[in-house]
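Asks: show me how the following folds:
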Amino acid sequence: MSKKKIKICILGPIFLQDLIKKKKKNRLNKSLGASGAPFLSNISKSMSKNNNLDVSVVTLSHLSPNLKGHIKIKKIDKMKVYFCPERAHHIRFNGWVVGKIFDLFNKEINYILKAINIIKPDIILANWPYEYTFAAYRSKIKYIVVNHDVPHKVFYYVPTLFRFVRFMMAKYILKKVENIITPSLYLKNETQKYSDANIKVIFNPIDQSFFLKKKTIKKNQKEKKILMISNDFGSGKNIKKAIIAFTHLTNKKNSHKLYLYGAVMGKNQACYNWAIKEKINLKNIFFKGYVDNNKLANIYKKSDIYLSTSLEETFGVTYAEAMASGIPIIAGKNSGATKEVIKNCGILTDVSSVKSICKSIIKYNDKKFYNKKRLMGIKRANKYFKLSIITKNYIDHVRYILNLNKNFHGK
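Replies: Residues are numbered from 1 along each chain as shown. Got it, this is the predicted structure:
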C-alpha cells in the first residue's frame, strides 16, 4: 500500500521562465509570475521530483491592471503553479483600484487564499514576511515562514513609504509565527528580535548548472574580468563605491574589465545614468543589464573575480554561485551573513573604503593565492549549497513540523 503524499504549497515570488525547460519556453507566457528569487524556483522544482510529495506553487503576477483577472494555473511537470492577480503599482491607482499599500495588499492576499483553498495543502511554506505570510496565517493551515529579510535594515537603506509599510507588516506578522526558516544564522538572530518562534537555519540552494564539472586550475591572467550582479542600485548595494574603486585601478593602467549585470545595470538605466552624470571614466566598464537566469552560469564561468560591495546580505546567493563556478570573491567583512556564507574562501574587506577594494582586487594577481581561494570555494559550495542537500533539509524539517515518523528518508 502506497504512502499518502504530503501536500506542500509554496508561496512566494516565482517567475515562470525560471521553472520551465528551454524547449517549452516558446509555448508559454514567460512573463507570468515575479522575478528576483530563482533559488525559490529551484527548491520548488527539486521538491516536486520527490515521489512522496505533492507540490504546488502560488505566486503573484500582473495579470490585469484593474485586478479583475482570474487565477491562472499552469502545470509544470508534476507541479501546478497558480498565478494570482497582482496590482502593478504600490501607491498609484491601478485602473480604478488603489495602490497595494493602501489596503495592506489585502486584495492580493485574498487571491492567494483562494488558491490555497483550491489546493488544500497539509502545510504551507510562505516566503518573506509580507503578503504571502499574511495569507498563510489567515488560511488556518499549518505553515512555516521562510524569512529572507531584516525588515528594519531594508527600510534603513530604502527609506520609502512602501518599505515603511512592509516593515510594519513584517513587525506585526512575525510576532504571530510559530515556525520560521532563515538562510543564515545572522538572519536567525535578527529575526529573533521580532519573534519568539522556533527558527531553523537552512542555506539557500544553487542550481547544478553553476558547479564546475572539473576542478581545473584556471590561468591567472593579467587582464581579469570582474563580475558584479545586482538588481538594485540603492545605497545598501553600494555599487557606486565599487565603480569608483575600479576607476582608480584603471587610472593606474590596470587592464581589468568590470561587467555589471542586473535589472538596473544596463545602458541608459540607473547605474549607467549615474556614472554619466558623475563623469566617471567608463573605460573597461560594461553595463550588461538583466540576464536570464539560465544564462547566468556561463557568465560566472567566463569571469575571473566576483565583487560584491553590498553592505547587507541575509545570505547572498551570488556568493554561493560564484564559489561553485570557481570564481574567487571579494565582499564586505561586516555585510550581514557574508562572512558566514563565504568563510575563508574569498577576501573579506572594508567595502566602504575605495582603497580596501582596490587592494583586494590587486591581491588576486598572486597566482597561488588566486587558485587556493577558488579551489576552497568549489569545495565549500559542493559541501553546503547543492540543491539536493538543501531540498533534503527542507523536506526533513517539513516532516518534523508535521510530526511524521522518523524513518522517512525523503527519497
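Asks: I figured A197 hits V177, correct?
Replies: Yes - taking contacts as C-beta atoms under 8 Å, A197 lies within contact range of V177: 4.9 Å. Backbone N, C-alpha and C define where each C-beta goes, glycine included.
Asks: between those two, which one's more packed in?
Replies: V177 (23 against 18; other C-beta atoms under 10 Å).
Asks: was I right to think that one contacts V145?
Replies: Yes - with contact defined as C-beta under 8 Å, V177 counts as touching V145 (4.9 Å).
Asks: which residues do those two both contact?
Replies: P129, T133, A197 (C-beta atoms under 8 Å, 6 or more residues apart in numbering).
Asks: how much space is there between the first one and D196?
Replies: Distance, P129 to D196, by C-beta to C-beta, to the nearest Å: 14 Å.
Asks: quick one: which of those two has more around it?
Replies: Taking other C-beta under 10 Å, P129 and D196 do not tie; P129 has more neighbours (29 against 10).
Asks: give the contact list for the nearest residue to that one once chain neighbours are set aside.
Replies: Of all residues not flanking P129 in the chain, A170 sits nearest, at 4.1 Å (C-beta to C-beta, 6 or more residues apart in numbering). A170 is in contact with P129, Y130, D149, P151, Y194, counting by C-beta under 8 Å, 6+ apart.
Asks: show me which of the residues you listed is closest to Y186.
Replies: Closest approach between these and Y186, by C-beta to C-beta: D149, at 12.2 Å.
Asks: how near is the nearest residue in space to P151 that is not next to it in sequence to A135?
Replies: Among residues not flanking P151 along the chain, A170 sits closest, at 3.9 Å (C-beta to C-beta, 6+ apart). Distance from A170 to A135, counting by C-beta to C-beta: 14 Å.
Asks: before we move on, what about A34?
Replies: Taken as C-beta to C-beta, the span from A34 to A135 is 15 Å.
Asks: return the backbone torsion pair for the nearest residue to G346 once chain neighbours are set aside.
Replies: Distances taken as C-beta to C-beta, 6+ apart place I329 nearest to G346, at 3.2 Å, with adjacent residues excluded. Note on I329: its backbone torsions stand at phi -110, psi 150 [degrees, to the nearest 10].
Asks: ok, I329 touching E321?
Replies: No - judged on C-beta under 8 Å, I329 makes no contact with E321 at a distance of 10.2 Å.
Asks: what about V177, helix or strand, and which?
Replies: V177 belongs to no helix or strand when elements are defined using DSSP states H and E.
Asks: now it: how far from I124?
Replies: From V177 to I124 the distance is 12 Å (C-beta to C-beta).
Asks: just L227 next, same as before
Replies: 36 Å.
Asks: check I180 too.
Replies: In terms of C-beta to C-beta, I180 sits 13 Å off from I124.
Asks: list residues touching both of these two?
Replies: Jointly contacting I180 and I124 under the rule C-beta under 8 Å, 6+ apart are I144.
Asks: contacting residues around the helix ranked longest in the chain?
Replies: Determined from DSSP state H, the single longest helix within the chain is helix 367-384. Residues outside helix 367-384 that contact it (C-beta under 8 Å, 6+ apart): 203, 206, 210-212, 215, 217-218, 220, 320, 322-324, 326-329, 342-347, 363-364.
Asks: list only buried entries from the residues you listed.
Replies: 203, 206, 210-212, 218, 320, 322-324, 326-329, 342, 345-347, 364 (16 or more other C-beta atoms under 10 Å).
Asks: what about these, which are in strands?
Replies: The strands, defined by DSSP state E, take in I329, G346, I347 from the buried ones among the contacts of helix 367-384.
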